[in-house]
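Engineer: Here is a sequence with its predicted model. Questions after.
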Amino acid sequence: MPQLEVDGAALTYDDEGPRDGDGVPLLFVHGWTANRHRWDHQVEHFAGKRRVIRLDLRGHGESGGAGVRTIEELASDVLALLDHLEVERFVPVGHSMGGMISQTIALSHPERVERMVLVNSIGRMTYSRGRGLVMAASTLVPFKLFVAANIQRAFAPGYPREEIRRYVQASADTPREVVMTLYGAMRAFDVLDRVGEIRVPTLLVHGYHDIQLPVSQMLRMAKAYPDAVVRILDAGHELPVEKPAELTSALDWFVTGRA
């Protein structure tokens with residue numbers, strides 16, 4: 001497994017598929033407390049015909065490094081990896097926090113983004129007063145309980161409990177500092193008033209049952225995008241693993257230019 005040292009973090013990544021394949025490379029960016037294997041189904045599908053890159057963000061999965069304070073710092077890590085791999089233009093596919101990273105890159109380096117896919121992601125986290133108080137209080141409970149509460153509610157009703165427990169354990173293995181600092185980074189993230197500057201074709205795929213980042217917030221963001229397509233699937237927040245084949249199909253339709 002290749003790694004790249006970036007500002008004190010050893011970033012683990014995969015770089016697969018033909019260099020002369022169809023279209024520019026796809027870059028898959030996972031979400032908070034997850035890892036690059038969230039994208040196994042999608043990578044297996046695309047790697048046979050085009051270059052596919054994915055990484056474990058710093059402090060996640062098999063990557064080292066302490067947590068950072070902002071989404072911009074994570075975006076800087078991703079761009080450092082792409083520069084190392086000599087990738088100039090690409091299609092970012094970001095899930096949740098990974099979608100926040102993707103939007104940050106599209107705004108700061110628009111010349112490098114050919115298309116963009118946001119999976120269960122938004123431009124600003126917005127809470128009602130009551131919901132905000134609940135979220136603030138949740139940070140005061142023991143760490144493993146905090147993680148379990150957030151991950152369990154990420155799946156749609158009916159998803160197998162054993163699978164949910166497996167993802168809860170994997171998330172709880174993420175260092176506490178990384179989890180909590182990036183939780184704050186996501187809450188502070190706000191590009192909603194700027195997404196109209198993103199002129200590339202953008203696919204927004206969202207789970208209907210997502211209560212982490214509700215579909216209503218995504219639709220509010222979608223209205224601001226000049227060139228956006230929206231797909232709503234019967235899933236919760238963890239769309240890449242809840243409905244992998246349906247997500248892959250939507251990505252295939254979009255990134256091959258049929259949108």
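Structural biologist: In hand now; what should we look at? What you see is a predicted model, and the numbers here were worked out from it, not measured in a lab. Numbers count the residues shown, from 1 in each chain.

Engineer: which residues in the chain form strands?
Structural biologist: 3-6, 9-16, 26-29, 52-55, 91-95, 116-119, 202-207, 228-233 (DSSP state E).

Engineer: Turn those into TSV, columns for mean pLDDT.
Structural biologist: Output for the strands of the chain, formatted as TSV (pLDDT from 0 to 100):
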stretch	mean pLDDT
strand 3-6	93
strand 9-16	96
strand 26-29	98
strand 52-55	98
strand 91-95	98
strand 116-119	98
strand 202-207	98
strand 228-233	97
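
Engineer: Quick one: these as CSV, columns for mean neighbour count too.
Structural biologist: The C-beta positions use only the backbone N, C-alpha and C, and glycine is treated the same way. Shown next, in CSV, are these (neighbours: other C-beta atoms under 10 Å):
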stretch, mean neighbour count
strand 3-6, 16
strand 9-16, 19
strand 26-29, 27
strand 52-55, 25
strand 91-95, 27
strand 116-119, 30
strand 202-207, 25
strand 228-233, 17
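
Engineer: Could I get those strands in JSON lines, plus columns for distance to residue 144?
Structural biologist: Shown next, in JSON lines, are the strands of the chain (distance: least, C-beta to C-beta, whole Å):
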{"stretch": "strand 3-6", "distance to residue 144": "28"}
{"stretch": "strand 9-16", "distance to residue 144": "24"}
{"stretch": "strand 26-29", "distance to residue 144": "26"}
{"stretch": "strand 52-55", "distance to residue 144": "26"}
{"stretch": "strand 91-95", "distance to residue 144": "23"}
{"stretch": "strand 116-119", "distance to residue 144": "26"}
{"stretch": "strand 202-207", "distance to residue 144": "25"}
{"stretch": "strand 228-233", "distance to residue 144": "30"}
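
Engineer: what about these, which gets the closest to residue 43?
Structural biologist: strand 52-55 (5.3 Å; C-beta to C-beta).

Engineer: got the contact list for the closest one?
Structural biologist: The contact list for strand 52-55 (C-beta atoms under 8 Å, 6 or more residues apart in numbering) reads 11-17, 25-30, 36, 39, 43, 46, 63, 78, 81-82, 85, 87, 90.

Engineer: quick one: low-confidence parts of the chain?
Structural biologist: Residues of the chain that meet the criterion pLDDT under 70 lie in 67, 127-139, 258-259.

Engineer: 80 - rerun?
Structural biologist: Residues of the chain that meet the criterion pLDDT under 80 lie in 21, 66-68, 126-141, 257-259.

Engineer: which stretches of it form helices?
Structural biologist: For the chain, the helices defined by DSSP state H cover 40-46, 71-84, 97-108, 129-138, 143-152, 161-172, 176-188, 215-222, 239-242, 244-253.
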